[in-house]
Structures are given as C-alpha cells and as structure tokens.
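Participant: What follows is a protein structure lacking sequence information:
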C-alpha cells in the first residue's frame with residue numbers, strides 16, 4: 001500500500017510555548033483517520049503544516065509524489081454573480097455530468113445549483129465548498145472540525161459520502177458520533193507525542209480507558225512499595241548498624257520513583273457539579289403568534305409554543321432557517337417583528353454564544369472573571385472547583401482573557417454562567433470548541449440540573465444526552481416534535497438518503513416485471529456511459545498533452561481524432577442527461 005504522507009519527529013512552538021513535539025505518523029492509501037486530542041494540542045496547526053500554510057520548527061514531513069492533497073478552506077470566496085455550478089466548474093476540470101452527479105449527492109440541484117453562489121445561506125455555501133474540494137479528486141483530504149460549520153442534514157449526507165469514499169482522509173473532530181460513523185482509525189495528538197490506533201473512536205476510547213486503569217494500578221503498586229521501603233528508612237536511618245542498608249533502600253526508592261508513569265488523561269474533566277437552583281413546575285416560556293427576523297424580512301412566523309420549567313429543549317434545523325434568530329429574540333438581542341413571548345416571572349437567564357465570548361473583557365484574569373460572575377452565595381472553594389472542572393487551575397487562572405484560545409474562552413464563559421446560578425440557560429453551539437470529555441461531562445451535568453435549557457447544537461452525543469424535547473425550525477415555521485432525539489435523527493437520515501422512486505412513463509402499468517427490467521436496463525446503460533465518458537476524457541487529455549508538447553509540428557490524424565473524441569463526448573453526455581432525466585421522473 002503506497003504511503004501518501006509521513007511525519008517524522010515534528011515539533012512546533014509559538015513565542016517560546018511548545019505546541020507539540022515528537023510527532024511521527026504515516027498515512028497510506030485507503031486510510032480513514034480521525035484526529036483527536038485536547039484543545040491546544042496542535043491538531044489544526046499540524047493540518048496547516050501538512051498543507052504548507054505553516055512550517056514545522058523541527059522534524060521532516062514527507063508527501064508522496066503521487067499524493068494529491070485536498071483541504072477545505074473556510075474562507076473560500078465566490079466571484080461576483082457566478083452561479084453555484086460556475087463555481088464548481090472553476091474549482092475542477094470535471095465534465096458537467098460529473099459535477100452535477102456529485103453536487104446532487106449533497107442536494108445541490110435546481111435553483112440551488114443554477115442560482116448565484118453568494119445568495120446561498122451559510123449551510124448551503126459549506127456544502128458547495130465541500131463539493132468543490134471533492135471534485136478536485138484528492139487521494140488524501142483534510143477536514144478540520146467540519147461539524148462546527150455544517151448543519152445536521154449536511155453532516156448526515158457527508159457521512160454517507162465518506163463511508164463509500166475510496167481514498168484517504170484525516171478528520172479533526174470533537175463530534176464523537178461523526179468520527180464513529182466515518183473513521184476506521186484514530187490518531188491522538190498530545191504535546192509530547194501521538195498515538196495511532198488501528199480502530200475507530202469507540203474502540204480507541206475503550207482501549208485508552210483500559211490502559212489508564214492498568215497504568216493507575218501500576219503507579220499504585222509502586223507507591224505501596226515506596227511506602228513500605230520508606231518505613232524501613234525512617235526506622236533504621238539513625239542506627240549506625242543499619243545506615244548502609246538505609247542508604248541502599250533510599251536509592252531503591254529513587255529508582256521506583258523513576259518508574260512512575262505520568263498519566264495525562266487524569267488531568268481531564270471527570271464530573272461537573274452545577275450549583276443547585278430551585279426546582280420549578282410552571283411554564284418557563286410562552287411564545288404566542290411570534291414572528292421573528294430582521295427589518296421587514298421574516299425568517300420564522302406564527303410560533304405558538306409553550307416550554308415547561310426543567311425541560312431541556314434542542315433547537316434543530318438547517319443552517320439559516322432561524323435557530324440563532326430565535327435565540328437572539330428570546331434573549332432580547334433583537335426585537336420580535338410581531339407577536340409576543342414571556343419568560344416565567346423572576347427568571348434569571350444566562351446566554352452562551354460566540355457573540356458573548358467576544359464581549360468578554362480581555363484585560364481581566366480568568367480567575368477574577370469567575371469570582372466576579374459567581375452568585376454572591378457561592379464560596380471560593382466552589383468557584384475553584386468549577387474552574388478545575390473546566391480545566392482552569394493555578395497558572396491558567398492568572399491568564400488574561402485576551403490570551404485564551406477559542407476553546408478556553410468558551411469553557412470560561414460556560415463556567416461563569418453556571419456559577420451565576422441562572423434558572424434558564426440558552427446555549428448557541430456550546431460544544432464547538434470543547435473536547436469529548438468536556439462535552440460529555442457538560443451534557444451529564446445539565447441533564448442532572450433542575451433548571452431549563454434551550455440549546456442549538458449539531459453534536460449528536462451532546463443532544464442525545466441532554467434533549468428531553470425538540471423544536472424543529474423548517475421552511476419558516478417552528479414546532480415541537482414529540483419524538484426522541486434519536487428517532488428524529490433516524491427519520492431525518494432516512495428522508496435524506498432515500499432513493500427516488502423511479503417509474504418510466506412509457507412502461508405499461510400492468511407489467512411490473514417489464515417496469516423493473518427497463519429500470520435496471522437504464523441504470524446499466526448509465527453506468528456504461530459513465531465508464532465510456534471516463535475513457536474518452538482520458539484520451540482527450542492525452543491528445544491535448546500531445547499538441548502541447550509538439551506545438552511546432554501538425555498532425556492531421558491526431559487533429560481529426562481530437563475532433564471525433566470531442567463530438568463523441570458531447571453525444572454521450574447528451575445521452576447520459578436524457579437517461580438520468582428519465583430516472584428522476
């Protein structure tokens with residue numbers, strides 16, 4: 001199996017601070033690798049080094065001569081007035097039928113493909129950029145936190161594509177379910193090394209937990225030996241007759257200490273304890289004939305929903321459908337266009353979002369921020385406990401907020417909100433910058449908490465742990481769905497991935513066998529045409545390369561052949577479109 005990428009002892013520092021060191025790994029053909037690690041471990045930095053956007057301070061990065069890298073850039077721009085299809089044409093050299101075929105897998109059809117790319121909503125733009133990257137046919141592509149930018153529907157479509165993808169890819173993600181559905185191997189990166197495990201994220205985490213248990217037991221055994229030997233030293237050190245033996249035992253204790261294993265995993269979150277609030281039984285929120293949007297443009301209309309105190313409500317729907325607009329309306333950031341909403345009298349509401357993170361005073365130290373946001377009755381010990389739960393200890397508490405990473409700011413804001421003892425928590429994508437342990441500890445803590453939670457998240461593990469109720473926002477309307485979150489996801493996936501029912505109109509209605517036979521024949525013909533088109537495109541490329549290399553001489557035979565190949569490509573593409581249209585009826 002050919003090697004596509006190899007890293008040997010890579011290291012990287014920023015401003016004297018070590019990001020990682022000693023990273024060595026290999027990626028070969030047909031490997032599907034999930035890249036995991038704590039926030040700040042250098043996962044995104046590694047991807048930037050692989051793509052040539054940055055360079056390693058030390059070590060070697062070897063990219064195979066036949067490796068064709070693909071990298072999804074979040075800042076990819078569209079040209080003025082270009083359609084989505086024109087963008088895809090510009091991004092690739094594929095024929096029209098190939099472009100439309102891949103675009104259709106991500107539901108980019110009709111007006112969404114022919115209309116202007118700039119007019120697409122954020123979620124559809126991400127689908128378009130994703131298709132543009134895949135059309136370049138990389139045999140190794142990199143995705144950095146794709147679920148941070150894609151809505152649930154797009155994630156499900158991407159998962160379906162990746163499961164059948166024949167090339168290699170590396171995906172950084174904190175979405176455990178996404179990695180489980182797409183990746184067959186796991187690469188964990190830490191500051192001092194990386195570990196490549198030949199199994200998916202679930203089996204790796206099981207292995208890691210077993211390994212942790214083994215290491216803890218080994219350390220406990222060493223500690224017991226040390227205590228026993230130390231007792232001997234304490235008893236006999238002062239006795240001249242035993243002095244030599246005592247010195248020998250002291251050396252033995254030192255050797256045992258050198259065998260102690262440092263366990264990074266133990267530094268993580270184990271359990272988050274949220275300060276208790278009074279359990280209420282009334283209606284927490286009433287929305288009556290609510291119409292929301294911006295200016296004169298309504299995004300969601302006619303909202304009639306009641307939410308009970310203590311419910312944990314997931315806001316679900318495509319990007320751009322109005323989840324964040326509803327959240328901003330309910331938190332008073334924007335006014336409703338009409339209608340009304342009312343929170344339970346005396347409710348204390350806390351709000352977590354990217355916008356709130358950006359408002360944090362960069363000059364304040366992390367520890368001061370937590371102490372000042374905590375409710376007056378919260379004791380210092382509880383503040384420090386919450387800080388530790390969110391991985392802020394000792395030196396981290398002294399850091400000014402301005403130097404914290406996105407993930408650290410998100411954790412700090414969450415910790416502060418929980419310490420403020422709200423009745424209602426409103427969370428807009430709270431897990432975007434959180435690792436597995438933090439996400440799952442937060443989900444478990446909020447599930448135990450007696451307050452009300454209204455949240456928008458694409459992390460299925462978090463939603464599955466927390467959601468007691470669902471509000472779906474779709475096609476300008478919002479309604480409660482009376483089903484479990486897992487049922488909602490299964491239904492959505494079934495709708496997205498179902499094959500269109502195809503019936504050729506000219507087949508007699510009373511001949512089911514004939515219908516089936518003609519359907520199979522059309523599908524077979526389409527597959528044959530696709531193979532023939534691929535061969536013709538290959539021959540066209542060979543002829544074009546010949547003319548480029550032999551531009552000083554003219555070959556009438558090859559010129560005629562090129563014209564014939566172009567004509568045949570055009571005819572077969574027309575035939576492919578005709579057959580495909582019949583299948584879509």
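Facilitator: Nice, thanks for sending it over. Keep in mind that what you see is a predicted model, and the values were worked out from it rather than measured.
Participant: my read: residue 569 touches residue 537, true?
Facilitator: Yes - between residue 569 and residue 537 there is a contact under CB atoms under 8 Å: 6.9 Å. The way it works is simple: take the backbone N, C-alpha and C, and place the C-beta from them, glycine included.
Participant: what sits in contact with each of those two?
Facilitator: residue 95 (CB atoms under 8 Å, 6 or more residues apart in numbering).
Participant: Can you give me the distance of the closest residue to residue 102 other than its chain neighbours to residue 484?
Facilitator: Excluding the flanking residues, the one nearest residue 102 by CB to CB, 6 or more residues apart in numbering is residue 131, at 5.6 Å. Note on residue 131: its distance to residue 484, by CB to CB, to the nearest Å, is 32 Å.
Participant: Likewise for residue 454?
Facilitator: Residue 454 is 18 Å from residue 484, by CB to CB.
Participant: the more surrounded of those two?
Facilitator: Using other CB atoms under 10 Å, the more surrounded residue of residue 454 and residue 484 is residue 454, with 25 against 13.
Participant: Just confirm residue 33 is within a helix.
Facilitator: No - using DSSP: H, G, I helix; E, B strand; the rest coil, the assignment for residue 33 is strand, not a helix.
Participant: Would you mark the buried spots in the helix or strand encompassing residue 372?
Facilitator: Taking DSSP states H and E as the criterion, residue 372 maps to helix 366-373. For helix 366-373, the neighbour count (16 or more other CB atoms under 10 Å) marks 366-367, 369-371, 373 as buried.
Participant: C-terminal to it, what's the next element?
Facilitator: With DSSP H and E, the next secondary element past helix 366-373 is helix 380-389.
Participant: contacts for that following helix?
Facilitator: So helix 380-389 is contacted by 269, 271-273, 275, 366-367, 370-371, 374, 393, 397, 415, 418-419, 441 (CB under 8 Å, 6+ apart).
Participant: contacting residues around residue 72?
Facilitator: Taking CB under 8 Å, 6+ apart as the test, what residue 72 contacts is 129-130, 133, 141-144, 146.
Participant: for residue 408, same thing?
Facilitator: For residue 408, the contacting residues are 39-40, 366, 392, 396, by CB under 8 Å, 6+ apart.
Participant: and if you look at residue 188?
Facilitator: By CB under 8 Å, 6+ apart, the neighbours of residue 188 are 35-37, 194-195, 197, 204, 208.
Participant: Repeat the analysis, applying 6 Å as the threshold.
Facilitator: 36-37, 195 (CB atoms under 6 Å, 6 or more residues apart in numbering).
Participant: Now intersect these with the strands, please.
Facilitator: The strands, defined by DSSP state E, take in 36, 195 from the contacts of residue 188.
Participant: Centroid-nearest residue for the chain?
Facilitator: Nearest to the geometric centre of the chain sits residue 147, at 3.0 Å (CA atoms, centre = their mean).
Participant: Would you quantify the distance from that residue to residue 105?
Facilitator: Taking CB to CB, one finds residue 147 at 18 Å from residue 105.
Participant: And for residue 407?
Facilitator: Distance from residue 407 to residue 105, by CB to CB: 32 Å.
Participant: How is this protein divided into domains?
Facilitator: Under the assignment automatic domain parsing, the domains of the chain span 3-204, 210-267, 283-496, 512-584.
Participant: Let's have the ones you listed in TSV, adding mean pLDDT.
Facilitator: Shown next, in TSV, are those (pLDDT from 0 to 100):
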stretch	mean pLDDT
domain 3-204	87
domain 210-267	60
domain 283-496	91
domain 512-584	75
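Participant: residues contacting residue 38?
Facilitator: Residue 38 neighbours (CB under 6 Å, 6+ apart): residue 435.
Participant: got the buried residues for stretch 561-572?
Facilitator: In stretch 561-572, counting by 16+ other CB under 10 Å, buried: 562, 565, 569, 572.
Participant: part of a helix, is the second one?
Facilitator: Yes - assigned with three-state DSSP, residue 565 falls within a helix.
Participant: Can you point out the buried residues in the helix or strand harbouring residue 9?
Facilitator: Using DSSP H and E, residue 9 falls within strand 3-14. Buried residues in strand 3-14, counted by 16+ other CB under 10 Å: 4-5, 7, 10-12.
Participant: and which of the residues you listed is nearest to residue 533?
Facilitator: residue 4 (27.3 Å; CB to CB).
Participant: My guess is the closest one contacts residue 141. True?
Facilitator: No - applying CB atoms under 6 Å as the test, residue 4 and residue 141 come out as separate, 10.6 Å apart.
Participant: For the closest residue to residue 544 other than its chain neighbours, give its distance to residue 94.
Facilitator: The spatially closest residue to residue 544, leaving aside those adjacent along the chain, is residue 562, at 7.6 Å (CB to CB, 6+ apart). Between residue 562 and residue 94 the computed distance is 19 Å (CB to CB).
Participant: ok, now residue 115?
Facilitator: Taking CB to CB, one finds residue 115 at 20 Å from residue 94.
Participant: Those two: which has the busier surroundings?
Facilitator: Taking other CB under 10 Å, residue 115 and residue 94 do not tie; residue 94 has more neighbours (17 against 14).
Participant: now that one, what's its secondary structure?
Facilitator: Residue 94 - assigned by three-state DSSP - is coil.
Participant: can you pull the contacts of it?
Facilitator: residue 135.
Participant: Next one: it relative to residue 195, how far apart?
Facilitator: For residue 94 relative to residue 195 (CB to CB), the value is 38 Å.
Participant: What is the longest helix seen in the chain packed up against?
Facilitator: Of all the segments assigned as helix in the chain under DSSP state H, the longest by residue count is helix 512-549. For helix 512-549, the elements it packs on are helix 556-584, judged by 3 or more CB pairs under 6 Å, 6 or more residues apart in numbering; DSSP states H and E.
Participant: hmm, back to that, out of the buried residues of strand 3-14, who's nearest residue 522?
Facilitator: Closest to residue 522, out of all of the buried residues of strand 3-14 and judged by CB to CB, is residue 4, at 37.4 Å.
Participant: follow-up on the earlier one: in strands, which of the contacts of residue 408 fall?
Facilitator: Per DSSP E, these never map to strands.
Participant: Please dump the residues you listed into CSV; it should also carry distance to residue 429 for every row.
Facilitator: As requested, the contacts of residue 408 are arranged in CSV below (distance: CB to CB, whole Å):
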residue, distance to residue 429
39, 15
40, 19
366, 21
392, 21
396, 23
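Participant: quick one, strands of the stretch 101-250 of the chain?
Facilitator: Secondary structure of the stretch 101-250 of the chain (DSSP state E, counting those that start in this stretch): strands at 140-144, 168-172, 185-189, 194-197.
Participant: by contact count, what packs against the last one?
Facilitator: Applying 3+ CB pairs under 6 Å, 6+ apart, we find strand 194-197 packed against strand 17-28, strand 185-189.
Participant: and what of the second one?
Facilitator: Using 3+ CB pairs under 6 Å, 6+ apart, the elements in contact with strand 168-172 are strand 32-36, strand 140-144.
Participant: What backbone torsions are found at residue 166?
Facilitator: phi -90, psi -10 (degrees, to the nearest 10).
Participant: quick one: secondary structure of the closest residue to it other than its chain neighbours?
Facilitator: Spatial nearest neighbour of residue 166, excluding adjacent residues (CB to CB, 6+ apart): residue 30 at 6.6 Å. Secondary structure state of residue 30, per three-state DSSP, is coil.
Participant: Kindly state the beta-bridge partners for residue 196.
Facilitator: Per DSSP bridges, the residues bridged to residue 196 are residue 187.
Participant: That one reaches residue 187, doesn't it?
Facilitator: Yes - contact between residue 196 and residue 187 holds when scored by CB under 6 Å: they sit 5.1 Å apart.
Participant: Could you check which of those two is surrounded by more residues?
Facilitator: residue 187 (24 against 15).
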